[in-house]
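1. need a 3D model of the sequence below.
(chains A, B, C, D and E, ligands or ions: 5)
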Amino acid sequence: MIALLMRDLRLATRAGGGFGLGLAFFLIVCTLVPFGVGPQAEMLSRIAPGILWIGALLACLLSLDRLFALDFEDGSLDLLATAPLPLEGGVAVKAAAHWIATGLPLVVAAPLFGMLLHLPSQAVPYLLISLLIGTPALSMLGAFGAAITVGLRRGGLLLSLLVLPLYVPTLLFGAEAVRRGAAGMDAITPLVFQAAITLLTLALIPFAAAAALRINLR
Amino acid sequence: MIALLMRDLRLATRAGGGFGLGLAFFLIVCTLVPFGVGPQAEMLSRIAPGILWIGALLACLLSLDRLFALDFEDGSLDLLATAPLPLEGGVAVKAAAHWIATGLPLVVAAPLFGMLLHLPSQAVPYLLISLLIGTPALSMLGAFGAAITVGLRRGGLLLSLLVLPLYVPTLLFGAEAVRRGAAGMDAITPLVFQAAITLLTLALIPFAAAAALRINLR
Amino acid sequence: MSLLAVHDLAVARGGMRTVEGVSFALDAGQALILRGPNGIGKTTLLRTVAGLQPAVSGRIEAAPDAIAYAAHADGLKTALTVTENLRFWAQVFGRTEITPAIEAMNLRDLTQRPAGTLSAGQKRRLGLARLLVTGRPVWVLDEPTVSLDADSVALFATVVRAHLGQGGAALMATHIDLGLPEAEVLDLTPLRASTASKDVKPAGFNEAFA
Amino acid sequence: MSLLAVHDLAVARGGMRTVEGVSFALDAGQALILRGPNGIGKTTLLRTVAGLQPAVSGRIEAAPDAIAYAAHADGLKTALTVTENLRFWAQVFGRTEITPAIEAMNLRDLTQRPAGTLSAGQKRRLGLARLLVTGRPVWVLDEPTVSLDADSVALFATVVRAHLGQGGAALMATHIDLGLPEAEVLDLTPLRASTASKDVKPAGFNEAFA
Amino acid sequence: MSIWEYANPVKFMRSSGAVLPWVVAGAAACTVGGLIWGFLTPPDYKQGASVKIMFLHVPAAMMAINCWFMMLVASLIWIIRRHHVSALAAKAAAPIGAVMTLIALVTGAAWGQPTWGTWWEWDPRLTSFLVLFLFYLGYIALWEAVENPDSAADLTGVLCLVGSVFAVLSRYAVNFWNQGLHQGASLSVASGERMSAIYRYPLYLCMAGFFLMFLALLLIRTRTEIRIRRTAALQAREAR
Ligand code: HEM
Ligand SMILES: Nc1ncnc2c1ncn2[C@@H]1O[C@H](COP(=O)(O)OP(=O)(O)OP(=O)(O)O)[C@@H](O)[C@H]1O
Ligand SMILES: Nc1ncnc2c1ncn2[C@@H]1O[C@H](COP(=O)(O)OP(=O)(O)OP(=O)(O)O)[C@@H](O)[C@H]1O
Ligand SMILES: [Mg+2]
Ligand SMILES: [Mg+2]
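-> Ligands and ions are numbered 1, 2, ... in the order given. Next up is the predicted model:
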């Protein structure tokens, strides 16, 4: 297990591994939005919570598409499936590695990007906490989508299609928490709901994902 | 040439080919945005031009990441490079096939999704025209990015990082045209600029992309 | 008791049976070579035995965690070096020692090279070295000597012999000579699932229509 | 004049020379087989001859558009059927007739199957059929008979012989017997680029330090 | 002897090694001197003490642009004449340019807070700098991602050419999109009336310092890149 975690992290930091690219994508989304909607600070600050959450979500999603596909193509997945570690554990570990390599940097960088979008400063702690609670669920749900689409040649977009609806609750509560934080309202309730969703996801999805992998390997 | 175009279109419509997925992604982005920023119609209608353009741009981009990678992995690209058709032409044809399979459906569907985001109806023709003018440039620039990242294992996100800055002018003029259209202002100037950029792109980028492909095949 | 026993096995690919009535047993120290024309179902059979897909009918008896499978693809990460690749697989199988495997497959000069920069045959050698670090008794190999030169094939034969000598077993599919004259050969040609006559037995969904 | 002539060629991979001083000429009706241990540089040499990478030094003379190259990967689209795959490549090379190729490589029963559902050997047969539809005189083949069974190897030999008989030529790298005893053999082992002595000749960047 | 002789890695190592100490000394003297002088200037009547940020901000902003220009030239030399040193120099320059851009952005943000009352504004100047930063990131990421050094040089060269065209296009597009708050080029023809001499001379010194600092870093990094490649090649030969 540890070996798998270390390998995935090492691969992420190697050439072409994609470490930091999630961050770059996040930055790019945050830059494109003002280009699209115009530079007025007052409007940007109103949509900032939503855009930040959507940006984090897309960055997470896009770095996921080949989570298992690479292992599938080079045959590692066949070999992992016959190795003495439960596939459920393998899925969980790979999702964890993904979160460390992508989700965590997003959380850390989010306040900075919040500044670009004129996010009110009293909302920043809520942004941090809600991302910290929410991104593990994003990684795990994405791993599930990646497991389902692993055998497909152009899984990327199909993956988005499958996974994005699953992201809706996390996104809703996350963005709501930040918006309430920005408005100085009580933001605990959405955060609690979000935490519940994350826990549920972490507990159940590894089994679904491992089952999907087994089916795809057949 | 025609053979290549027909093959790519046929592949796009086959299982897992990704035809329609770009559209689905576009739809999803347009649905996630109200979840993220809140449902107030008046604000949605203000940000609609920008969001629609960004959604189209991301949908286009994401379907591009494996434009050449698939041909590279199964060896077709080696064989195409030794075939009696100029690689520049091949690149242009593949970008054209991508545009027909992804860009065109986006253009057609955009007014519908504009409705979801309360886009003012006088802006719809501008949305259509600017997308029609702009999306070919998106496909071609994306083909350039795909050619550069073709040999890399996790090219997807790197591709985004390389290509999105190139999309900036197109996006700016496109969204600006729609915004001016929505406000009833003169939108011809940005459209003309956009058309100029598209023409420039179509004229020059095939050569750069073919050069990148040759380098990657070495 | 044998390490691996297969009784009257039938396997299917893409919803159609490929071979049926396959029976054999592998004891410690035995090697069995599967032969048969292209497309008869060797790969399918090996994947079934390795547990990657379910059998249509028949029985596979093997100790749990006895089988190490090596397919056409070698499961190498091109960005990691030879050592890192091997060490990873060793750790997955709960072992630590990789030097013997490196020595055995003559990879000493290549240890620090990223796997992506190896030639076809060097990659294959690394893929075979992976088998050694699993420490599992039953090797299930699909065309193991593809792309290997004569010296490496001889090396491979030596390694397999040593594995058999230590009480292991090997099941291999191949079209070419592996340099293992002592191995038994099972020709699958007569076991091709019959489709011409009335006893068509398609798998799964189609069973209902049979 | 010969169809393909190579004079004192040196090729490099990953910034280091692999083989050097390679010279040969192929006339119509001739076949040349490259041999040599794993990693000596056969693939590199063939890719250079096919024009996919530049030579470090030396000269390659070939008519433009004379070479058809077939690598390890077959360039098949798994979602397209056998016929669609072949027809595509025929069109790319400006030809229309694909039935002879299908007949020659014994793919008649598989024409409507998506290429993704073929077995390893069947895929290879399809990859070789592609050569026939190019209509080009010089075939450059990298381990063409990998995964093929004995019958298919014989088929391949027949096809190559027919090609040579029609004034074609073939350059092939392989480790195993192709069933073409009449072909000449070039062993690359003595041409390995020397690295031990002082006449080290690394490619490109390192040249300055030599 | 033509000038291209110096593009030979061995010759380059020798000559750059000789000039490097002088460049480093000059860079240190000008930068430190300029910054101290700048810091001792009296506060501006309108902007107060925050005007002193200028001595970091303006030279960094200028070097950020010039560095990309230098990379463009180096890439062209590599693509046309295939001199490895120029490719490696372009590679070495990118992170320096990215950091310069970052300094300009950060000091600009720190300047904007007292002057415009906001850390960030989607002003065309600032925005096009952000876009430039993205170009730098993409360029660096591509160098990192491609394993074969020659291919990496070629690919990043092509990217630099295309990127330059689009960076200029973006500049004009951004101008069209939003009329900004940012200063115009104050060192242009009209400079005399816009900035008094007490600020101008220390600013010149800082600019010279930043330029020399860029040169010094560039030489050091290029030398390192050459050594790295050389080591890799030697290792590869050992492994053979
Ligand atoms: C993140 C924010 C900022 C960025 C990226 C930025 C960028 C730049 C750039 C690119 C230049 C031009 C160099 C040239 O063309 O010569 C420049 C110069 C200058 N900036 Fe900024 N700037 C920022 C914020 C500010 C702020 C807030 C102020 C003060 C109110 C300011 C004042 C100046 C001045 C006085 C110059 C010198 C004029 C000139 O030479 O053009 N900048 N800045
Ligand atoms: N995904 C699939 N769908 C349908 N049929 C398939 C699929 N994959 C393989 N087949 C068919 O199943 C049969 C058995 O294939 P298998 O790969 O097991 O053959 P093999 O004996 O390994 O052949 P080879 O020697 O060529 O590797 C072949 O006839 C093949 O065409
Ligand atoms: N990308 C690369 N970077 C560095 N070295 C490489 C790279 N690819 C291959 N090599 C090395 O170049 C040499 C020649 O490789 P090549 O693939 O041409 O060998 P080959 O003769 O085809 O071997 P095989 O019979 O195993 O296919 C090998 O020693 C290999 O390790
Ligand atoms: Mg097989
Ligand atoms: Mg080879």
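
2. residue in chain C nearest to ligand 2?
-> Here chain C gets closest to ligand 2 at one residue, residue C:14, 1.8 Å apart by Cβ to the nearest ligand atom. Yep, even glycine has a C-beta here, placed from its N, CA and C like the rest.

3. who's in contact with residue E:142?
-> Contact partners of residue E:142, counting by Cβ atoms under 8 Å, 6 or more residues apart in numbering or on different chains, are B:148, B:158, B:162, E:152, E:155, E:156, E:159.

4. my bad, should have said residue E:50
-> E:111, E:114, E:115.

5. which one is the first one nearest to, not counting chain neighbours?
-> If you skip the residues right next to it in sequence, residue E:111 has residue E:53 as its closest partner in space, 4.5 Å away by Cβ to Cβ, 6 or more residues apart in numbering or on different chains.

6. what sits against that neighbour?
-> Residue E:53 makes contact with E:107, E:110, E:111 under the criterion Cβ under 8 Å, 6+ apart.

7. I'd assumed residue D:117 was in contact with the residue of chain C closest to ligand 2.
-> Yes: look at residue C:14 against residue D:117 with Cβ atoms under 8 Å: they come within range, at 5.2 Å.

8. could you list which of the contacts of residue E:142 also contact chain A?
-> residue B:158 (Cβ under 8 Å from any Cβ of the partner chain).

9. between the contacts of residue E:142, which sits nearest residue D:35?
-> Nearest to residue D:35 among those, counting by Cβ to Cβ, is residue E:152 at 33.5 Å.

10. the closest one contacts residue E:141, doesn't it?
-> No: contact criterion Cβ under 8 Å: residue E:152 and residue E:141 do not qualify, at 11.1 Å.

11. and these two? Which one has more around it.
-> A count of neighbours by other Cβ atoms under 10 Å in any protein chain shown puts residue E:141 above the other of residue E:152 and residue E:141, at 22 against 19.

12. does the nearest residue to residue A:124 once chain neighbours are set aside sit in a helix or strand, and which one?
-> If you skip the residues right next to it in sequence, residue A:124 has residue A:111 as its closest partner in space, 4.9 Å away by Cβ to Cβ, 6+ apart. Following DSSP states H and E, one finds residue A:111 within helix A:104-116.

13. from the middle of its chain, how far away would stretch E:55-71 be?
-> 4 Å (Cα atoms, centre = their mean, to the nearest Å).

14. same deal with stretch A:62-70?
-> Going by Cα atoms, centre = their mean, where stretch A:62-70 is centred and where its chain is centred differ by 12 Å.

15. and that stretch with chain B, contact?
-> Yes: counting by Cβ under 8 Å from any Cβ, chain B has neighbours in stretch A:62-70: A:62, A:63, A:65, A:66, A:70.

16. nearest to ligand 4 among those?
-> Comparing the residues of stretch A:62-70 next to chain B against ligand 4 with Cβ to the ion places residue A:70 closest, at 22.4 Å.

17. among the contacts of residue E:50, who's most crowded?
-> Top of the contacts of residue E:50 by neighbour count (other Cβ under 10 Å): residue E:111, with 19 neighbours.

18. circling back: could you report the neighbour count for the residue of chain C closest to ligand 2?
-> Here the number of neighbours of residue C:14 (other Cβ under 10 Å) works out to 11.

19. pretty sure residue A:28 contacts residue B:162?
-> No: with contact taken as Cβ under 8 Å, residue A:28 and residue B:162 are classed as non-touching, separated by 10.4 Å.

20. more neighbours, these two?
-> Between residue A:28 and residue B:162, counted using other Cβ under 10 Å, residue B:162 has the larger neighbour count: 30 against 25.

21. for the more buried one, which residues are in contact?
-> Taking Cβ under 8 Å, 6+ apart, we find residue B:162 in contact with B:145, B:148, B:149, E:138, E:141, E:142, E:159.

22. quick one: the helix or strand hosting the fifth one to chain centroid distance?
-> Right, residue E:141. Under the assignment given by DSSP H and E, the secondary-structure element containing residue E:141 is helix E:124-145. The chain centroid and the centroid of helix E:124-145 are separated by 12 Å, computed with Cα atoms, centre = their mean.

23. contacts only, for residue 26.
-> Went with chain A since none was named. For residue A:26, the contact set (Cβ under 8 Å, 6+ apart) comprises A:55, A:56, A:59, A:106, A:109, A:110, A:113.

24. hm, I was asking about chain E
-> Counted by Cβ under 8 Å, 6+ apart, residue E:26 has contacts residue E:212.

25. helix, strand or coil: sort out it for me.
-> helix (DSSP: H, G, I helix; E, B strand; the rest coil).

26. mind listing residues that contact the strand or helix carrying residue C:88?
-> Counting by DSSP H and E, the element that carries residue C:88 is helix C:82-92. The set of residues external to helix C:82-92 that reach it, using Cβ under 8 Å, 6+ apart, is A:2-4, A:7, A:10, A:79-80, A:83-85, C:75-77, C:80, C:96-98, C:101-102, C:107, C:110-113, C:115, C:118, C:126, C:129-130, C:133-134.

27. buried subset of those, written for PyMOL?
-> To isolate the buried members of these in PyMOL, using 16 or more other Cβ atoms under 10 Å in any protein chain shown:
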select buried, (chain A and resi 3+4+7+10+79+80+83+85) or (chain C and resi 75+76+77+80+98+101+102+107+110+113+115+118+126+129+130+133+134)
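
28. residues from chain E in reach of chain A?
-> Within chain E, the residues that sit near chain A (Cβ under 8 Å from any Cβ) are E:109, E:118-123, E:127, E:130-131, E:134, E:137-138, E:141, E:144-147, E:177-178.

29. any weak-confidence spans in chain A?
-> Counting by pLDDT under 70, chain A shows low-confidence ranges at A:1, A:13-21, A:153-157.

30. try 80
-> Across chain A, the ranges flagged by pLDDT under 80 are A:1-22, A:24-25, A:41, A:62-66, A:69-70, A:73-75, A:82-85, A:151-161, A:218.

31. what segments of chain C are strands?
-> Read by DSSP state E, chain C holds these strands, from start to end of the chain: C:4-13, C:16-26, C:31-35, C:57-62, C:67-70, C:138-142, C:169-173, C:184-187.

32. distance to chain E, mean pLDDT and mean neighbour count added to the ones you listed, as JSON lines?
-> Supplementary listing: those in JSON lines, determined by distance: least, Cβ to the nearest Cβ, whole Å; pLDDT from 0 to 100; neighbours: other Cβ atoms under 10 Å in any protein chain shown:
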{"stretch": "strand C:4-13", "distance to chain E": "36", "mean pLDDT": "89", "mean neighbour count": "20"}
{"stretch": "strand C:16-26", "distance to chain E": "38", "mean pLDDT": "87", "mean neighbour count": "19"}
{"stretch": "strand C:31-35", "distance to chain E": "33", "mean pLDDT": "90", "mean neighbour count": "20"}
{"stretch": "strand C:57-62", "distance to chain E": "39", "mean pLDDT": "87", "mean neighbour count": "15"}
{"stretch": "strand C:67-70", "distance to chain E": "25", "mean pLDDT": "86", "mean neighbour count": "25"}
{"stretch": "strand C:138-142", "distance to chain E": "28", "mean pLDDT": "90", "mean neighbour count": "25"}
{"stretch": "strand C:169-173", "distance to chain E": "31", "mean pLDDT": "91", "mean neighbour count": "25"}
{"stretch": "strand C:184-187", "distance to chain E": "39", "mean pLDDT": "88", "mean neighbour count": "13"}
